[in-house]
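> mind looking at a prediction? Sequence and model below.
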Amino acid sequence: MSQFGRIFYALICVDKLTEHSKGTGFVKFVNKEDADTALKAGTELTLMGNVLDCHPALERNEIQKKAEEKKDKRA
C-alpha cells in the first residue's frame, strides 16, 4: 500500500484463539487523497498472489445501521 503514499499504520486482524489472520486488515494513510487513490486501484492490488478487495472503513453508526437493515430483511 505504500506505493500510494505515506502510511500512518497498517493492521492485520488476527483471531485471538488461533492467532491466525482473519483475512482482513486496515490501512490508515497520512493523507486522505492517498487512501482514495488506493481504493480506486480496485482489483489491481495483490499481496502474496492474492487479490485484495479494498473498501473504505465504516464508522460505528454505519455498521449498526447495516446490521439493523440486515436483521429487518430476515424478519
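Good, I have the coordinates.
> leaving out the residues flanking it, which one is nearest to residue 4?
residue 38 (4.2 Å; CB to CB, 6 or more residues apart in numbering). Where you see a C-beta, it was placed from the backbone N, CA and C, and this is true even at glycine.
> for that neighbour, give me its contacts.
Each residue near residue 38 by CB atoms under 8 Å, 6 or more residues apart in numbering is listed here: 1, 4, 5, 27, 29, 45, 54.
> quick check: buried residues in whichever strand or helix holds the fourth one?
Meaning residue 27. Taking DSSP states H and E as the definition, residue 27 sits inside strand 21-29. Applying a neighbour-count criterion of 16 or more other CB atoms under 10 Å, one finds 27, 29 buried in strand 21-29.
> how about stretch 38-49?
Buried residues in stretch 38-49, counting neighbours by 16+ other CB under 10 Å, are found at 38, 45.
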